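Undergrad: got a sequence here, can you model it:
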Amino acid sequence: MTSVSVAEDSFPYLTIAHVPIGDPEGEGILSKITIEDTADLQTFLLLDPALYERVNGSFANSDLDLPYKPLLNGPQARELADVAPVLLRFANTAIGESRSDFEITFLGRRDLLRTGVIFRAATGLDEMAAHLRRFVRLRDEAGRWSWFRLADPSVMSAYIPRSVGRRADRAAAWLQDASGTKLQSIIMLPEATAKTLIVATVRQDALPEKRAPAALDEDDRRIFVATQQERFRAAFLAEMAARQPVRMRGLKEEHRQAFGQHSLNAALDCGITAPGEVAYFGHLMLYLGALWYRDPLHRWLNQELTGERSPADRRMTTISHRFRSAAHDVFGMQMEKSAAMLSETLDALGALIAAHQVTPDQVLLRLQSISAPRFGDRIQPDDVKAHAQIAIARAGDRYGVSTERDRGLYLGLSLCFGLGFDRDPLTPWIGETLKADQGTISERLDAVLTHARKRGEKLLRLHEAALEGSNV
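TA: Numbers count the residues shown, from 1 in each chain. Next up is the predicted model:
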């Protein structure tokens, strides 16, 4: 690979070069860099079909016009034929082979480069597939198996330098195949908007003796988490500001950062790691509350998170389809229906207080009469009861709430803002008010409701104005 003005970082087993490829809107990268073929050195692409499909709209192995090998064998290969990682061998021009249409298109489009990892080695397609197949699943220290996203450049661009480049056990397993043939380089574009390509060149003389893949350990987890945090937070908050400017505009910077961190941590705890899926996971908090993924009220969505995972993890795809099918009718184009429902339920709580009728049963009866026509059969009575039990227990444990009136009011606020509303970084003022030293818990709950009703009315006006502006 050739280029100019290349910045390099040196690790014990790798040299990492950052090759400039120009602005995202510029011409194809083949005009910036070239893959130099030699008679014995082969170039392979490990493709993530799920990522490729998101970018290009469709993917099928049968469409490929170059040699390839699926990385899975047996029944899994048949069940996941169009989504499991696929290893492709690019043409070797040094021996007279012509580049295929797929190869030319892939190397000429930055967005497609983001959907796979390029390996270079003096070995054959079968041998390279057999080598990489050892890393499709990795065992952790507790003996649990995990699918490893080795075709995702956002994962590999973090893992290869920080773990494989530094640790002898990782380098020994990853950088040479069973016959002892050493990889020459690994090429990755971690983000479609990146201006540099990462080229990890193996330090051939430094590699330790060949070993079996080591178990994933806490160091690996820290690498994955730290990398996701670095890449995710800024992009996620920018996306949320663009999608929901009304909700995000009033937040202080510290609360925006706390929201981003909470979204990331919660997604990772649920095994959601792809940046786009993590972003959508956090996006749902704007509608459903900070703990929607644990809230029985939203079992119609979060039940998917407990499903079995596979290399083609489609849990968030299913969740997004379900949410989008409900979004227009329940929440509105600009959250205006969501804001209207919030304002109406908060007013209903105020009316119950004025009539001295605030009990958990009365709150459930009144608020369900408002929400049920909107949500339909998505929220079942047992889900509402489960939410109520958790919320009332939380009120007693956290704030010593003991009267029927205060239990009902806390429950009403939980139904309005979502389970864990007092810890939601999007509504920090609620937690600050409830934890204050001044006044009784009854007075603090009243203060939250009073302030919430004012904010609800303002939020409704802003969302309605945003809707009118979008229709102009």
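
Undergrad: which residues in this structure form strands?
TA: Assigned strands in the chain, in chain order: 7-10, 14-20, 42-47, 68-70, 86-89, 116-121, 137-139, 145-147, 183-188, 196-202 (criterion: DSSP state E).

Undergrad: between those, which one is closest to residue 417.
TA: Taking Cβ to Cβ, strand 145-147 is the member of the strands of the chain nearest to residue 417, at 34.5 Å. For every residue, glycine as well, the C-beta is placed using N, CA and C.

Undergrad: now the closest one: mean pLDDT?
TA: Predicted confidence along strand 145-147 averages 72 (mean pLDDT).

Undergrad: before we move on, back to that, residue 373 is nearest to which of the strands of the chain?
TA: Taking the strands of the chain one by one with Cβ to Cβ, strand 145-147 is closest: 41.5 Å.

Undergrad: separation between residue 281 and residue 187?
TA: 30 Å (Cβ to Cβ, to the nearest Å).

Undergrad: that should have said residue 435, apologies.
TA: Counting by Cβ to Cβ, the gap from residue 435 to residue 187 is 51 Å.

Undergrad: next one: residue 357
TA: When distances are taken as Cβ to Cβ, residue 357 and residue 187 turn out to be 67 Å apart.

Undergrad: look at those two and report which has more neighbours.
TA: Counted by other Cβ atoms under 10 Å, residue 357 and residue 187 do not tie: residue 187 has more neighbours, with 23 against 15.

Undergrad: mind listing the helices for the stretch 51-200 of the chain?
TA: According to DSSP state H, counting those that start in this stretch, the stretch 51-200 of the chain carries its helices in the segments 74-79, 101-108, 110-113, 125-133, 153-159, 168-174.

Undergrad: same check on the stretch 251-400 of the chain?
TA: Taking DSSP H, counting those that start in this stretch, the helices of the stretch 251-400 of the chain run over residues 253-269, 275-283, 285-288, 299-302, 315-330, 336-354, 360-375, 381-399.

Undergrad: reformat those as TSV; add mean neighbour count, distance to residue 122 and mean pLDDT.
TA: Formatted as TSV, the helices of the stretch 251-400 of the chain follow (neighbours: other Cβ atoms under 10 Å; distance: least, Cβ to Cβ, whole Å; pLDDT from 0 to 100):
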stretch	mean neighbour count	distance to residue 122	mean pLDDT
helix 253-269	18	38	83
helix 275-283	21	34	81
helix 285-288	20	49	86
helix 299-302	19	49	93
helix 315-330	16	39	86
helix 336-354	19	59	83
helix 360-375	16	60	88
helix 381-399	16	59	94
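
Undergrad: so what's residue 256 closest to, chain neighbours aside?
TA: In space, and not counting its chain neighbours, residue 256 is closest to residue 237: 5.6 Å by Cβ to Cβ, 6 or more residues apart in numbering.

Undergrad: ok, residue 155 next?
TA: What sits nearest to residue 155 in space, not counting adjacent residues and going by Cβ to Cβ, 6+ apart, is residue 149, at 4.4 Å.

Undergrad: residues touching the one you found, list them.
TA: Shown in contact with residue 149 (Cβ atoms under 8 Å, 6 or more residues apart in numbering): 48, 155, 156, 273, 274.

Undergrad: same question for residue 447.
TA: If you count contacts by Cβ under 8 Å, 6+ apart, residue 447 has them with 433, 439.

Undergrad: with residue 448 instead?
TA: Contacts were defined as Cβ under 8 Å, 6+ apart; by that measure residue 448 touches 413, 430, 433, 434.

Undergrad: is it true that the first one touches residue 449?
TA: Yes: checked against Cβ atoms under 8 Å, the pair residue 413 and residue 449 is within contact range at 6.9 Å.

Undergrad: what touches both of these two?
TA: residue 349.

Undergrad: what about these two, which has more around it?
TA: Set side by side, residue 413 and residue 449 show more neighbours around residue 413, with 25 against 19, by other Cβ under 10 Å.

Undergrad: check which residues of stretch 404-412 are buried.
TA: If you call a residue buried by 16 or more other Cβ atoms under 10 Å, then stretch 404-412 has these buried ones: 405, 406, 407, 408, 409, 410, 411, 412.

Undergrad: rewinding a little: would you mind finding the most buried of the helices of the stretch 51-200 of the chain?
TA: Of the helices of the stretch 51-200 of the chain, the one with the most neighbours on average (mean count of other Cβ atoms under 10 Å) is helix 153-159, at a mean of 23.
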